[in-house]
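1. Sequence isn't available, so here's the structure alone:
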């Protein structure tokens, strides 16, 4: 096969795939949880139990958001938290 034929075939195949591709949408629920008035969400980490850990750098807090119950808990910490993660046992 000639190089031109292969290139044309590849381009044509890509065009067909793009034409036939349909957008995929995920039905993901979303909601906001308030930070403190001076809060800045620095980093988010999701653990294996479904808890979302949020480092609130300016407020000196780590927040644990339970995605099953919708409840969040704020933990006051010293310094500037920057990498909130659970310990695997569900505690901060």
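-> Here it is on my side, so go on. Here the structure is a predicted model, which is why all the values come from computation and not from measurement.
2. do you know how far residue 62 is from residue 12?
-> 53 Å (C-beta to C-beta, to the nearest Å). C-beta coordinates here come from the backbone N, C-alpha and C atoms, glycine included.
3. neighbour count winner among these two?
-> For residue 62 versus residue 12, neighbours defined as other C-beta atoms under 10 Å are more numerous around residue 62 (24 against 10).
4. pLDDT score for the more buried one?
-> With respect to pLDDT, residue 62 scores 87.
5. Does it fall in a helix, a strand, or a coil region?
-> Under DSSP: H, G, I helix; E, B strand; the rest coil, residue 62 falls in the strand class.
6. Surely it and residue 45 touch.
-> No - in this structure residue 62 lies outside contact range of residue 45 using C-beta atoms under 8 Å: 10.1 Å.
7. Between these two, which contacts overlap?
-> Common contacts of residue 62 and residue 45 (C-beta atoms under 8 Å, 6 or more residues apart in numbering): 53, 84.
8. Spatially nearest residue to residue 63, not counting backbone neighbours?
-> Nearest residue to residue 63, sequence neighbours excluded (C-beta to C-beta, 6 or more residues apart in numbering): residue 54, at 4.3 Å.
9. Show me the shaky parts of this protein.
-> Across the chain, the stretches falling below the confidence threshold (pLDDT under 70) are 1, 26, 28-35, 86-92.
10. where along it do the helices fall?
-> Taking DSSP state H, the helices of the chain run over residues 3-20.
11. Skipping adjacent residues, who's closest to the spatially most central residue of it in space?
-> Centroid-nearest residue in the chain: residue 44, 7.0 Å away (criterion: C-alpha atoms, centre = their mean). The shortest distance from residue 44 to any non-neighbouring residue, by C-beta to C-beta, 6+ apart, is to residue 54 (5.6 Å).
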